[in-house]
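>>> from the sequence below, what's the structure:
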Amino acid sequence: MCPNPFLFSVSEGHPQAVLTLQPAWAQIFTGETVTLSCYTATRIQFYKDFKHLQYRAGTERSVDRVSKSDEGSYKCRAWWWNTASRTEPSSVSAEVRVTVRERPQAVLTQEPAWTQIYESERVTLRCQVQGGYTDWRFTWYKAGRNAPVTQDYYSSIDGDRYTISSATRDHSGEYTCKGERRGNPSYSKTSDALTLRVSELFSTPTLTVLPGASVWEGEAVTLQCGAHINKQGTQLQYRYRKDNGTVRGAGSQDQHSIPAAGLRDTGRYQCEVEAAGTGLKKRSGSVSLTVRALFSRVTLTASPGATVKEGEALNLTCEAAVNKTPCPQLHYTIVRDGEPVTNSTDSALYSIVSTEKSHTGSYTCAVESQGVKKSSQELHIEVQTQSRCMEVTSTHSYCTFLPQQSWHSAVPIGYRVSFSLIHFIVFTLLLLQYCRIQGSLCIAGGKSRKTSDQDQEQSAEEIELCSRVQHTGVELE
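A predicted model of the protein is given here:
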């Protein structure tokens with residue numbers, strides 16, 4: 001029978017080989033690092049289950065990440081050099097038993113165990129360690145992160161539970177967990193990965209401006225907010241914003257209408273969509289709307305001028321510089337002292353054939369199209385009263401001021417003057433005929449101063465009669 005290599009006598013004067021294990025636990029769990037140390041020797045050889053292990057210089061042998069295959073009985077043999085006898089006696093240590101157990105496994109579960117989680121829903125990841133050990137402290141990890149998961153606005157950690165109160169797309173990913181504790185085992189195996197998939201409850205909205213991003217004043221504009229619902233039964237609320245201010249509050253309508261766009265409606269618009277009862281909100285990108293002015297200016301001009309004499313003709317012309325082509329139909333209104341005097345879609349001209357004092361006032365012109373109205377600046381018209389005079393003789397003329405409103409205003413002034421002249425000429429001819437019948441001329445009698453006293457009296461009577469007749473024939477109303 002072969003001798004046992006580990007059973008031999010030790011010469012006196014030489015120390016015994018001592019094998020120690022660090023950490024000095026009765027059970028070593030997989031994944032630990034253990035160190036075997038053999039003291040008081042100059043040369044060491046380690047054995048496991050009576051089998052020679054590969055030689056390594058030094059007095060220590062470390063095993064990283066212990067596995068079940070490392071379980072067994074360990075010894076070491078030590079040699080010393082004896083200078084006097086020039087021999088190298090040796091000794092064998094006592095046996096050290098290494099027992100390796102599987103490290104407790106952490107198990108990660110999802111509550112509720114739905115395969116489909118939507119944004120804003122609540123989900124809990126629970127970590128448990130098998131094996132009956134207690135007092136675990138748990139840590140959760142998400143793939144792609146170097147640091148453990150921590151609490152934030154959307155999540156919390158309580159014992160063995162990591163709860164996401166309102167899931168977002170950013171919470172999607174692979175999660176693992178492990179437990180740690182005081183004592184042996186000091187930590188668990190990391191759990192298998194659990195994949196959390198958070199789906200969109202509704203898509204990010206898109207805002208569309210109809211009929212386009214550039215419109216004319218007065219045109220209708222519709223803001224259309226589109227969002228696709230992924231979970232049946234979801235109710236959406238829509239808000240519209242302009243330049244970071246609210247245009248319209250929450251409502252169920254996915255569009256906002258501007259019946260007649262004005263220049264003030266120019267700006268950048270966004271729509272915000274919220275899932276009712278969840279607090280989940282999403283905003284669209286901003287879209288620009290430009291409203292162009294339909295009219296650049298409106299002017300009112302007077303011809304021949306802003307000051308005219310009574311009876312003269314006056315033309316007021318309203319002009320609008322329209323930016324849109326083709327030019328839309330325009331409606332003109334001319335206003336005097338706040339009261340409209342003409343409304344027309346055909347003509348921008350207001351004509352007064354014969355002005356009167358009552359035409360004096362402040363005039364403005366308003367042009368309207370597509371619901372857009374623009375007015376000119378005020379133009380003051382002054383109608384001055386003028387006298388109407390007619391020379392009857394070489395030394396006399398008779399004048400009168402026509403009343404502002406009479407039946408004459410219905411008849412053009414030229415006809416009235418012509419009628420008066422004809423009436424005067426006819427009456428004068430009748431008077432001359434009458435004088436001839438009496439045997440003398442009124443005008444000749446008026447010039448003779450050299451006749452007898454009887455002739456002078458007759459001439460004076462004739463002049464007095466003509467004067468009365470002339471006064472009667474030239475006065476104008």
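>>> what's the domain layout of the protein?
Domain ranges of the chain: 18-101, 106-199, 206-292, 295-384, 390-474, per automatic domain parsing.
>>> could those domains go into TSV alongside mean pLDDT?
Putting those into TSV (pLDDT from 0 to 100) gives the following:
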stretch	mean pLDDT
domain 18-101	81
domain 106-199	94
domain 206-292	94
domain 295-384	93
domain 390-474	48
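>>> distance of the one residue sitting closest to the centre of the chain from Tyr240?
Central residue of the chain (C-alpha atoms, centre = their mean): Tyr269, 2.9 Å from the mean position. Tyr269 sits 7 Å away from Tyr240, going by C-beta to C-beta, to the nearest Å. Using the backbone N, CA and C atoms, a C-beta is placed for each residue, glycine as well.
>>> follow-up on the earlier one: give me the residues contacting the one helix or strand the residue nearest to the centre of the chain maps to.
Assessed by DSSP states H and E, Tyr269 sits inside strand 267-275. For strand 267-275, contacts defined as C-beta atoms under 8 Å, 6 or more residues apart in numbering pick out 119-120, 201-202, 205, 207, 209, 223, 225, 227, 234-243, 247, 250, 256, 280-289.
>>> isn't Arg101 right next to Ile28, touching?
Yes - if you go by C-beta atoms under 8 Å, Arg101 and Ile28 touch, sitting 7.3 Å apart.
>>> compare these two and say which is more crowded by neighbours.
Taking Arg101 and Ile28 together and counting by other C-beta atoms under 10 Å, Ile28 has the greater number of neighbours (22 against 15).
>>> show me what contacts that one?
Shown in contact with Ile28 (C-beta under 8 Å, 6+ apart): Val34, Val66, Asp70, Val98, Thr99, Val100, Arg101.
>>> quote the end-to-end distance of stretch 319-331.
End-to-end span of stretch 319-331 (C-alpha to C-alpha, to the nearest Å): 11 Å.
>>> got the buried residues for that stretch?
Neighbour counts over stretch 319-331 (16 or more other C-beta atoms under 10 Å) mark Ala320, Val322, Lys324, Leu330 as buried.
>>> stretch 121-133 now?
Across stretch 121-133, burial judged by 16+ other C-beta under 10 Å covers Glu121, Val123, Thr124, Leu125, Arg126, Cys127, Gln128, Val129.
>>> which residues touch it?
Contacting residues not belonging to stretch 121-133 are listed as 104-112, 117, 136, 138, 140, 160-167, 171, 175, 177-179, 181, 185, 188, 191, 194, 196, 198 [C-beta under 8 Å, 6+ apart].
>>> equivalent analysis for stretch 349-361, please.
Contacts of stretch 349-361 (C-beta under 8 Å, 6+ apart): 308-318, 334, 336-337, 341-342, 380-383, 385, 404-405, 409, 412-413.
>>> any quick ChimeraX command for the buried ones out of those?
In ChimeraX, a selection of the buried entries from the contacts of stretch 349-361 looks like this (16+ other C-beta under 10 Å):
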select :308,310,311,312,314,316,317,318,334,336,342,381,383,413
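>>> if we can go back for a sec, tell me which of the buried residues of stretch 319-331 is nearest to Ala78?
Proximity of those to Ala78 was ranked by C-beta to C-beta; the top entry is Lys324 with 106.7 Å.
>>> quickly list what the nearest residue to that closest one once chain neighbours are set aside is bridged to.
Leaving aside its sequence neighbours, Lys324 sits nearest to Trp216 (C-beta to C-beta, 6 or more residues apart in numbering; 5.3 Å). Assessed by DSSP bridges, Trp216 has beta-bridge partners Arg292.
>>> quick one: Trp216 and Leu294 touch, right?
Yes - in terms of C-beta under 8 Å, Trp216 counts as a neighbour of Leu294; the distance is 5.4 Å.
>>> joint contacts of these two?
Common neighbours of Trp216 and Leu294 (C-beta under 8 Å, 6+ apart) are Asn323, Lys324, Gln370.
>>> which residues touch the first one?
The neighbourhood of Asn323, defined by C-beta under 8 Å, 6+ apart, consists of Trp216, Arg292, Ala293, Leu294, Phe295, Ser296.
>>> run the chain-centre distance for stretch 428-435.
Relative to the chain's own centre, stretch 428-435 is displaced by 94 Å; criterion: C-alpha atoms, centre = their mean, to the nearest Å.
>>> likewise stretch 280-289?
Averaging C-alpha positions (C-alpha atoms, centre = their mean) puts stretch 280-289 7 Å from its chain's average.
>>> in it, what's buried?
Leu280, Lys282, Ser284, Val287, Leu289.
>>> let me know the closest of those residues to Ile44.
Closest to Ile44 out of the buried residues of stretch 280-289 is Leu280 (67.6 Å), distances taken as C-beta to C-beta.
>>> nearest spatial neighbour of the closest one, chain-adjacent residues omitted?
Nearest to Leu280 is Ser120, by C-beta to C-beta, 6+ apart, at 4.1 Å.
>>> contact partners for that neighbour?
Counting by C-beta under 8 Å, 6+ apart, Ser120 makes contact with Ser166, Ala167, Leu201, Ala275, Thr278, Gly279, Leu280.
>>> how about the residues you listed in CSV, adding secondary structure and distance to Arg145?
Below are those laid out as CSV (DSSP: H, G, I helix; E, B strand; the rest coil; distance: C-beta to C-beta, whole Å):
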residue, secondary structure, distance to Arg145
Ser166, coil, 20
Ala167, coil, 17
Leu201, coil, 25
Ala275, strand, 28
Thr278, coil, 26
Gly279, coil, 26
Leu280, coil, 24
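>>> do I have it right that Arg336 meets Cys365?
No - between Arg336 and Cys365 there is no contact under C-beta under 8 Å: 10.7 Å.
>>> number of nearby residues for Leu21?
Considering only other C-beta under 10 Å, Leu21 is surrounded by 15 other residues.
>>> nearest residue to Val100 in space, please, no chain neighbours.
Using C-beta to C-beta, 6+ apart, the nearest residue to Val100 is Glu71, at 4.0 Å.
>>> ok, the one you found to Arg97 distance?
9 Å.
>>> over to Gly245?
Separation of Gly245 from Arg97 (C-beta to C-beta): 79 Å.
>>> who has more neighbours out of Glu71 and Arg97?
Comparing Glu71 with Arg97 by other C-beta under 10 Å, the one with more neighbours is Glu71, at 17 against 10.
>>> quick one, what contacts the more buried one?
For Glu71, the contacting residues are Val98, Thr99, Val100, by C-beta under 8 Å, 6+ apart.
>>> adding neighbour count, write those residues out as JSON lines.
Compiled in JSON lines, the contacts of Glu71 are given as follows (neighbours: other C-beta atoms under 10 Å):
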{"residue": "Val98", "neighbour count": "19"}
{"residue": "Thr99", "neighbour count": "11"}
{"residue": "Val100", "neighbour count": "20"}
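>>> for Gln237, give the beta-bridge partners.
Beta-bridge pairing of Gln237 under DSSP bridges involves Glu274.
>>> what's it in contact with, if anything?
Here Gln237 is in contact with Ala250, Gly251, Ser252, Val273, Glu274, Ala275, Ala276 (C-beta under 8 Å, 6+ apart).
>>> try 7 Å
Ala250, Gly251, Ser252, Glu274, Ala276 (C-beta atoms under 7 Å, 6 or more residues apart in numbering).
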